[in-house]
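Asks: one predicted model, sequence on top.
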Amino acid sequence: MHKKAGFPTAQVLGFLGSLLMTFLAGAIALRTSLSFSAIMWIIGSLAILQAGLQLFMFMHVNEGDDRKMQLLNIAYMVFLVVVIVVGTIWIMSGLHQTH
């Protein structure tokens, strides 16, 4: 089933939303007097929201026939990201303690 070709309103709104989140993160980082920890939590939350927005708007995660496979691929991707990030922090903190 093909959609009628026209102006890509959803993609433009997704792009504008991504830009808004990027500029908001920059403004929070540069212009607030919040603690470093609070700034990192806000920027991290905005990054996760932006990744989700881009998955649905530009990578068409919600389209297609095999949604279970798409969900499994996303779960695997999240698992790999968590392993890489936690492993990197673990190794770097261990190196910091030994030197």
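Replies: Received, thanks.

Asks: mind giving me the domain split of this structure?
Replies: For the chain, automatic domain parsing gives the domain ranges 1-63, 65-99.

Asks: tell me how many other residues crowd Ile39.
Replies: Ile39 has 16 neighbours, counted by other C-beta atoms under 10 Å. Where you see a C-beta, it was placed from the backbone N, CA and C, and this is true even at glycine.

Asks: that one is in contact with Ile28, isn't it?
Replies: Yes. Between Ile39 and Ile28 a contact is recorded at 6.1 Å, counting by C-beta atoms under 8 Å.

Asks: and the helices in this structure?
Replies: All helices of the chain, identified by DSSP state H, fall at 9-31, 36-57, 67-98.

Asks: can you check what angle separates the least confident helix or strand in the chain by mean pLDDT from helix 36-57?
Replies: One helix or strand of the chain scores below all others by mean pLDDT, DSSP states H and E: helix 67-98, with a mean of 87. Going by axes from the mean of the first three to the mean of the last three C-alpha atoms, to 10 degrees, helix 67-98 is angled at 160 degrees with respect to helix 36-57.

Asks: list the contacts for Gly17?
Replies: Shown in contact with Gly17 (C-beta atoms under 8 Å, 6 or more residues apart in numbering): 50, 53, 57.

Asks: and of these, the nearest to Leu80?
Replies: Gln50 (18.9 Å; C-beta to C-beta).
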